[in-house]
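Participant: prediction below, plus the sequence it came from.
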Amino acid sequence: MSKGNRYKLFLVAFAVIFVILITSGGGYVVWNAADPERTCNNCHEISPSYNTWTASAHRDIKCVNCHGTAFSNGWHSLKEKTNMVFTHYSEDIIHEDIGLDENQLLETMERCTNCHQTEYASWKSSGHSASYSDIFLDEVHNSTEQLNFDCLRCHGMFYEGTINDLVTPLSIKGPWSLTLEEKADQATIPCMACHKIHSKGEPSVKPDYSAPNDIFYSRLNENKTVGLYSRHENMHFPLDQLPTPVMVHQGDTIKTPADPVYRLCVQCHAPSVWHLAGSHDDHTPVGVHEGISCTACHERHSNFQRNSCVKCHPAISNCKLDVKTMNTTYSNPSSPHDIHSVACTDCHEDMLVRE
């Protein structure tokens, strides 16, 4: 056995013995219960994450509640933690900024449900919960448009490989299959695609009931935890750093929603390179709904929009008719009148005659 291999074997043995020792006598329990300033933050690689965590809304939640322990998932967790120790002491590379791989991130997302059960249930019922098999083994889509590297920009942001490593064959002729069967049911758009868990924020607090009139004013309308994860840059971009695109409809520049969440939606629900509203997967509102925010109709996590019309109609409807029954894609998916671009004259053809 070479000197290098003996050294690595020694480090593995040391890591295993280390884990066993700290778990005996309740030592590991004490470690997990202690202040992260005296435990996790002792590693220089953890300091950036620790510093952002101290300023986040999750700062009162212990690290292990989200990241788990060496025994959270049996042998799998023990192997993961041991490998971290081995990597830390065996590699010459200094890791100044570390992150979770996709499998670790998905495990962490499962723990999000301990506190965010409603949000998770809503996400589960939405189109954003699509799995790798749902997206990349869709025969209708794959036979129409060939899979390419840009698919992973929105579907599989945290996947470490390339599209060549994920699906075969890369052609419009199937049958298609995933190279890794275990990815079939994994989520392609997990919570962290839009939420940076260590983002700046304040923990939820009870309002001051002695001044009930001030409760409204004490609530801040912020989106600090919302942003876009870029697989190319390997980082989150907050909403204030995302651009608002200039959109064009029938040759004219249109008014885009002022809600900053629109900047996030349009990154994936993007138009063509000419920024034509309604092109490709874009849903920027035009017509009677021009300028209306995505979240005015779509609920944030479930995307549910069946209750959206009654928020405005018939109160602000000029015709005072039940708009839910009109010939639009709201009531009929085969309607020629897309709810995102419908105009008055689409339903009221008599207006064209009078004009």
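Facilitator: Cool, got the structure.

Participant: can you give me the strands for the stretch 1-150 of the chain?
Facilitator: Taking DSSP state E, counting those that start in this stretch, the stretch 1-150 of the chain contains no strands at all.

Participant: got a pLDDT number for residue 96?
Facilitator: Per-residue pLDDT puts residue 96 at 61.

Participant: now residue 183
Facilitator: 96.

Participant: does it touch residue 132 like I think?
Facilitator: Yes: when contacts are counted by CB atoms under 8 Å, residue 183 is listed as touching residue 132 (4.6 Å). C-beta coordinates here come from the backbone N, C-alpha and C atoms, glycine included.

Participant: pLDDT below threshold where in the protein?
Facilitator: 1-29, 89, 91-97, 221, 349-355 (pLDDT under 70).

Participant: how does it divide into domains?
Facilitator: 3-98, 122-193, 243-354 (automatic domain parsing).

Participant: what residues are shared contacts of residue 183 and residue 132?
Facilitator: residue 166 (CB atoms under 8 Å, 6 or more residues apart in numbering).

Participant: where do the helices sit along the stretch 101-250 of the chain?
Facilitator: Counting by DSSP state H, counting those that start in this stretch, the stretch 101-250 of the chain has helices at residues 102-112, 117-124, 132-136, 139-144, 163-166, 215-218.

Participant: quick one, what contacts residue 184?
Facilitator: Contacts of residue 184 by CB under 8 Å, 6+ apart are 131, 132, 133, 178.

Participant: from the residues you listed, which is closest to residue 316?
Facilitator: Distance to residue 316, by CB to CB, is smallest for residue 131 among these, at 39.8 Å.

Participant: not counting sequence-adjacent ones, nearest residue to that closest one?
Facilitator: residue 185 (5.0 Å; CB to CB, 6 or more residues apart in numbering).

Participant: for residue 294, same thing?
Facilitator: Per CB to CB, 6+ apart, closest to residue 294 is residue 265, 4.9 Å.

Participant: over to residue 347?
Facilitator: In space, residue 347 is closest to residue 326, 5.2 Å off (CB to CB, 6+ apart).

Participant: how far away is that neighbour from residue 342?
Facilitator: According to CB to CB, to the nearest Å, residue 326 and residue 342 sit 8 Å apart.

Participant: with residue 114 instead?
Facilitator: Applying CB to CB to residue 114 and residue 342 gives a distance of 42 Å.

Participant: neighbour-wise, which of those two wins?
Facilitator: Higher neighbour count among residue 114 and residue 342: residue 342, with 23 against 11, using other CB atoms under 10 Å.

Participant: the more buried one in helix, strand or coil?
Facilitator: coil (DSSP: H, G, I helix; E, B strand; the rest coil).

Participant: who's in contact with it?
Facilitator: Contacts of residue 342 (CB under 8 Å, 6+ apart): 287, 288, 289, 328.

Participant: can you redo these as CSV with distance to residue 338, secondary structure and neighbour count?
Facilitator: Below are the contacts of residue 342 laid out as CSV (distance: CB to CB, whole Å; DSSP: H, G, I helix; E, B strand; the rest coil; neighbours: other CB atoms under 10 Å):
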residue, distance to residue 338, secondary structure, neighbour count
287, 9, helix, 18
288, 12, helix, 17
289, 10, helix, 18
328, 7, coil, 20
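
Participant: from these, pick the one nearest residue 257.
Facilitator: Looking across the contacts of residue 342 and measuring by CB to CB, the closest to residue 257 is residue 289, at 9.8 Å.

Participant: torsion angles phi and psi at the spatially closest residue to that closest one that is not a sequence neighbour?
Facilitator: In this structure, residue 289 finds its nearest non-sequential neighbour in residue 340, 6.7 Å apart by CB to CB, 6+ apart. Per-residue torsions, residue 340: phi -80, psi -20 (degrees, to the nearest 10).

Participant: how about the contacts made by residue 340?
Facilitator: Residue 340 neighbours (CB under 8 Å, 6+ apart): 278, 283, 284, 285, 286, 287, 289.

Participant: noted, bye for now.
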